[in-house]
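*Asks:* Model the structure of this input:
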Amino acid sequence: MLSPNYWSNMRLRTAVFVIAAASLTTSCAGALFKVKPAIDLPPLTGDVKSATAGGVTVRVAPLMTDEESQDLFEANLPLSGILPVRLELAFESGVPVETRKARISLRDAEGREWKQVSPKAAVSRILKANEVYAYNPNSRKQFEKEFAAYAIDLKPPLSSSDRVRKGFVFFETPRKEPVESPKGLILAIEKLPQRVEIPLN
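*Replies:* Have a look, this model is predicted:
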């Protein structure tokens, strides 16, 4: 026959487990990171780089600082090994320009290619770098949705009636290490009417 102490201990353990589980669920139910609405993104300013070719002007914003990344995404993307590059494609003249197949690449002064990653893959890197492993799946989906809203949409063609595409392209460092003052970065865009290359720093 089990003693009263046994049942008392079992009730105590059950209560502790329920409280811990409830705390974990509550703490993980909110947003993983508080992302600013993409519509609040200010216009390109500062030392903007640009190039025009084949009826399209490409403008690239200065590279974001850690603080600017933290302000937008509540996450330090460079520390996660992710470099967000903000750009804008503008239609200048001529026939509509197909952008769906445009290939955007980045290389550094050492000739290393930086891999372009999807917003979803960038989110995975951010969570891993911040050691976020226990969370509500809906919270992650919400973060992915809000983060992806910043990505540039190249599906519709540029034309006189739909002249501008703007947003971020996300790149992963060659060895998945944190971004630390990269030198000689060159952004290249192919499969537009003409190839475009823009030195970023």
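
*Asks:* Give me the phi and psi for Val164.
*Replies:* When quoted as degrees, to the nearest 10, the phi and psi of Val164 stand at phi -130, psi 140.

*Asks:* And for it, the neighbour number?
*Replies:* Taking other C-beta atoms under 10 Å as the neighbour definition, Val164 ends up with a count of 11. Yep, even glycine has a C-beta here, placed from its N, CA and C like the rest.

*Asks:* Tell me if I'm right that it and Phe91 touch.
*Replies:* Yes. Applying C-beta atoms under 8 Å as the test, Val164 and Phe91 come out as touching, 7.3 Å apart.

*Asks:* anything in contact with each of the two?
*Replies:* Counting by C-beta atoms under 8 Å, 6 or more residues apart in numbering, the contacts common to Val164 and Phe91 are Leu158.

*Asks:* Tell me where the protein has helices.
*Replies:* If DSSP state H is used as the criterion, the helices of the chain fall at 4-29, 66-73, 119-129, 137-148.

*Asks:* comparing those, which gets the lowest mean pLDDT score?
*Replies:* Ranked by mean pLDDT, those end with helix 4-29 in last place, scoring a mean of 44.

*Asks:* what's the closest non-adjacent residue to Gly54?
*Replies:* Ranked by C-beta to C-beta, 6 or more residues apart in numbering and with sequence neighbours excluded, the top spatial neighbour of Gly54 is Pro193, at 2.7 Å.

*Asks:* what's near enough to touch the one you found?
*Replies:* Pro193 makes contact with Ala53, Gly54, Gly55, Val56, Gly94, Val97 under the criterion C-beta under 8 Å, 6+ apart.

*Asks:* How about Ser80?
*Replies:* Going by C-beta under 8 Å, 6+ apart, Ser80 touches Ala122, Arg125, Ile126, Lys128, Ala129, Asn130, Pro178.

*Asks:* now do 6 Å
*Replies:* Arg125, Ile126, Ala129 (C-beta atoms under 6 Å, 6 or more residues apart in numbering).

*Asks:* Going by distance to Pro174, which of those residues wins?
*Replies:* Proximity of the contacts of Ser80 to Pro174 (C-beta to C-beta) peaks at Arg125, which lies at 13.5 Å.

*Asks:* ok, that closest one to Val179 distance?
*Replies:* Taking C-beta to C-beta, to the nearest Å as the measure, Arg125 and Val179 are separated by 11 Å.

*Asks:* Looking only at neighbour counts, state which of these two leads.
*Replies:* More crowded of Arg125 and Val179, by other C-beta under 10 Å: Val179, with 22 against 19.

*Asks:* who's in contact with that one?
*Replies:* Val179 sits next to Pro78, Leu83, Thr173 when contact means C-beta under 6 Å, 6+ apart.
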